[in-house]
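Asks: have a look at this fold, sequence not included:
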């Protein structure tokens with residue numbers, strides 16, 4: 001691969017790169033931003049905490065649906081127009097969430113908000129795949145994934161600070177304002193990256209055939225989709241359960257827990273930056289296996305620390321290995337998944353993302369049914385980490401990032 005292929009013929013540009021970073025954070029930020037306000041929201045809308053958690057799940061479910069809808073459309077109509085329309089709809093549905101008068105209405109609006117957020121998320125991945133080739137795709141996606149991974153960790157702390165000045169409805173208005181800023185950036189900096197001659201001018205049946213084609217390369221798509229699912233379950237178990245576990249079981253104050261999530265954010269940033277550096281020397285599948293091993297070791301250490309009632313400092317050190325590895329590994333999973341599909345990057349990214357966020361939608365209700373405790377969190381994380389590690393080790397002989405057959409001008 002020559003340098004021109006590795007870095008894209010024109011690159012994204014500084015403005016475009018900043019835009020994609022903001023877009024990468026918008027959907028995951030939105031998904032869990034209301035987490036600290038769930039008790040207040042439940043009281044205000046006269047529902048239970050479990051009912052409020054369904055509003056959290058609705059955002060993830062809508063996100064998965066939005067990915068499946070917009071991914072193929074972006075392969076057919078280009079990236080810029082669907083992105084701008086998706087941002088306009090996101091702002092509108094977010095404002096509607098702030099005016100919900102009951103929990104059923106909020107769940108509907110949250111699902112619609114998620115659909116619009118899915119449009120934004122999938123297009124950012126497709127734009128990177130349009131603009132870069134080979135291992136450069138994994139490096140750029142790692143930088144994008146750092147924002148994606150940090151957003152749901154930073155979101156509760158940021159929302160908690162905003163709740164000192166506003167209520168849960170104000171959180172949605174703050175998200176709408178952020179969406180407006182991102183849309184303005186999109187109008188200014190987003191240019192079309194999918195050339196007309198590369199678009200999929202197909203009907204619905206042909207689009208379904210494209211998606212069916214993913215499953216004809218199982219050692220590429222299915223193995224990495226399975227990895228994406230268990231990695232997502234592990235990561236969102238940490239994000240969604242840890243606020244309850246560390247405050248209720250370990251007696252942390254809200255401020256101390258905010259500091260813990262701040263440290264988790266730094267660990268994710270460190271993991272993603274290390275991933276970028278490692279990818280300069282090793283192939284994505286090699287780095288990914290290392291990250292899966294780190295997540296496995298961290299989940300085992302966390303379970304042992306919980307069972308043995310270890311000091312809180314040791315519990316924290318163990319559990320932070322999981323977000324360190326999980327956040328960074330998502331970029332490598334995405335790059336390896338999209339590599340064989342240069343003509344259908346939007347559809348491939350959509351299907352992978354739908355699998356990941358679909359699983360995330362199941363976490364809050366399952367947590368509500370099973371009960372939240374340090375032990376249940378540890379067991380869930382261990383099971384998912386073992387699953388990811390097993391897939392990684394079992395498939396290692398068949399993995400490989402193929403030479404990009406058709407690097408695309410950006």
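Replies: That came through, no problem. A quick note: this is a predicted structure, and the numbers were derived from the prediction, not measured.
Asks: from residue 86, how far off is the closest residue to residue 173 other than its chain neighbours?
Replies: Using CB to CB, 6 or more residues apart in numbering and skipping the chain neighbours, the partner closest in space to residue 173 is residue 98 (5.2 Å). In short, each C-beta sits where N, CA and C put it, glycine included. Note on residue 98: its distance to residue 86, by CB to CB, to the nearest Å, is 19 Å.
Asks: more neighbours: these two, which one.
Replies: Higher neighbour count among residue 98 and residue 86: residue 86, with 29 against 18, using other CB atoms under 10 Å.
Asks: leaving out the residues flanking it, which one is nearest to that one?
Replies: residue 119 (3.2 Å).
Asks: quick one: pLDDT of the one you found?
Replies: Here the pLDDT value assigned to residue 119 is 76.
Asks: buried ones in stretch 270-285?
Replies: Residues of stretch 270-285 classed as buried: 271-272, 274-276, 278-279, 283-285 (neighbour count, 16 or more other CB atoms under 10 Å).
Asks: ignore what I typed, I meant stretch 176-190.
Replies: Under 16+ other CB under 10 Å, the buried positions of stretch 176-190 are 176, 178-179, 182-183, 185-186, 189-190.
Asks: confidence-wise, which helix or strand of the protein is lowest on average?
Replies: Within the chain, no helix or strand scores below helix 3-7, which has a mean of 39 by mean pLDDT, DSSP states H and E.
Asks: after that one, next one along is what?
Replies: For helix 3-7, the following helix or strand on the C-terminal side (DSSP states H and E) is helix 13-32.
Asks: if we can go back for a sec, ok, now how distant is the residue nearest to residue 173 from residue 264?
Replies: 28 Å.
Asks: which regions of the stretch 51-200 of the chain sit below the pLDDT cut-off?
Replies: 71-72, 129, 132-138, 141-143, 145-146, 148-149, 193-200 (pLDDT under 70).
Asks: so residue 250 is in contact with residue 374, correct?
Replies: Yes - Residue 250 is in contact with residue 374 according to CB atoms under 8 Å; the separation is 7.1 Å.
Asks: now the common contact residues for these two.
Replies: Any residue near both residue 250 and residue 374 by CB atoms under 8 Å, 6 or more residues apart in numbering counts here, and that gives residue 315.
Asks: of those two, who's got more company?
Replies: Under the criterion of other CB under 10 Å, the comparison of residue 250 against residue 374 puts residue 374 first, with 23 against 16.
Asks: what residues are up against that one?
Replies: Counted by CB under 8 Å, 6+ apart, residue 374 has contacts 245, 249-250, 306, 315.
Asks: who are the contact partners of residue 109?
Replies: Counting by CB under 8 Å, 6+ apart, residue 109 has contacts 93, 96-97, 100.
Asks: relative to residue 18, how far out is it?
Replies: Distance from residue 109 to residue 18, by CB to CB: 29 Å.
Asks: do residue 273 as well
Replies: Taking CB to CB, one finds residue 273 at 17 Å from residue 18.
Asks: in the stretch 201-350 of the chain, which ranges drop under the pLDDT threshold?
Replies: Low-confidence segments of the stretch 201-350 of the chain, defined by pLDDT under 70: 201-220, 254-255, 327, 339-346.
Asks: helices of that one, residue ranges please.
Replies: Per DSSP state H, counting those that start in this stretch, the stretch 201-350 of the chain carries helices over the ranges 204-214, 221-244, 254-278, 284-307, 312-338, 345-370.
Asks: minimum distance to residue 33: which of those helices has it?
Replies: helix 221-244 (11.7 Å; CB to CB).
Asks: now for the closest one, which elements pack on it?
Replies: helix 135-162, helix 254-278, helix 284-307, helix 312-338, helix 345-370, helix 374-394 (3 or more CB pairs under 8 Å, 6 or more residues apart in numbering; DSSP states H and E).
Asks: counting only helices, which of the contacts of residue 109 make the cut?
Replies: 93, 96-97 (DSSP state H).
Asks: coming back round to it: and of the buried residues of stretch 270-285, the nearest to residue 77?
Replies: For these, the minimum distance to residue 77 (CB to CB) is 29.7 Å, reached by residue 284.
Asks: how far away is that closest one from residue 127?
Replies: 19 Å.
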